[in-house]
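Colleague: Sequence below, structure please.
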Amino acid sequence: MPALSRAIAEAVVSVLNAATFDPALTAERGYVLPVQLENQTTLKAWVMAAEIESEAENHGDDRETHAVHIALVQRVANFAPATLDPLTDVAEAVRDHFRNLTLPGVDAMVTKRDVKLLYDPQRLRLKRTFLSLISLEITAVREVG
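Modeller: A predicted model of the protein is given here:
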């Protein structure tokens with residue numbers, strides 16, 4: 001069985017790839033954003049496990065809070081609202097999709113969601129690459145041996 005953080009990130013990828021968003025996106029798990037983001041011509045969701053906080057509950061159990069980041073990335077032709085509005089809308093839709101969601105295949109639930117609609121305005125201006133960041137806080141109970 002993979003580590004819980006990896007299993008949670010994979011579950012987030014599965015949820016994203018099973019959902020229907022407009023514009024459509026594909027999700028992939030990784031540890032860092034690829035260097036050449038400006039080459040991404042279709043909407044891509046990069047899912048990255050970010051942090052784990054543990055708190056001992058009962059004997060043999062830990063309550064863990066996992067932070068997972070979802071970076072939405074796409075190269076854009078211009079900065080017009082007609083171009084960027086659908087991308088910020090899908091960022092909000094992704095955030096909303098995870099509202100109180102129990103993740104498939106892991107005993108974990110999304111408890112907090114946040115979105116930075118335009119995470120990197122300078123990258124947009126200089127490289128024409130839209131980047132939005134959705135942060136999820138996911139709570140899981142894990143047995144400790």
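
Colleague: who's Gly109 bridged to?
Modeller: Wrong residue type there; residue 109 is Met, not Gly. Going by DSSP bridges, Met109 is paired in beta bridges with Thr102, Thr139.

Colleague: and it, how many residues sit next to it?
Modeller: Per other Cβ atoms under 10 Å, the neighbour tally for Met109 reads 15. Quick note: C-beta positions are derived from backbone N, CA and C, even for glycine.

Colleague: Would you mind confirming that it makes contact with Glu137?
Modeller: No. Met109 lies out of contact with Glu137 (Cβ atoms under 8 Å); the separation is 9.9 Å.

Colleague: Would you state the strands of the chain in chain order?
Modeller: Secondary structure of the chain (DSSP state E): strands located at 26-29, 44-56, 61-75, 108-116, 129-143.

Colleague: Include distance to Leu87 and mean pLDDT when you put the ones you listed into CSV, please.
Modeller: Formatted as CSV, the strands of the chain follow (distance: least, Cβ to Cβ, whole Å; pLDDT from 0 to 100):
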stretch, distance to Leu87, mean pLDDT
strand 26-29, 15, 95
strand 44-56, 12, 86
strand 61-75, 6, 90
strand 108-116, 12, 96
strand 129-143, 5, 90
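
Colleague: can you tell me how far the spatially closest residue to Glu137 that is not a sequence neighbour sits from Leu101?
Modeller: Leaving aside its chain neighbours, Glu137 sits nearest to Lys112 (3.6 Å; criterion: Cβ to Cβ, 6 or more residues apart in numbering). According to Cβ to Cβ, to the nearest Å, Lys112 stands 12 Å off from Leu101.

Colleague: These two: which is more packed in?
Modeller: Applying other Cβ under 10 Å to Lys112 and Leu101 shows that Leu101 carries more neighbours, namely 17 against 12.
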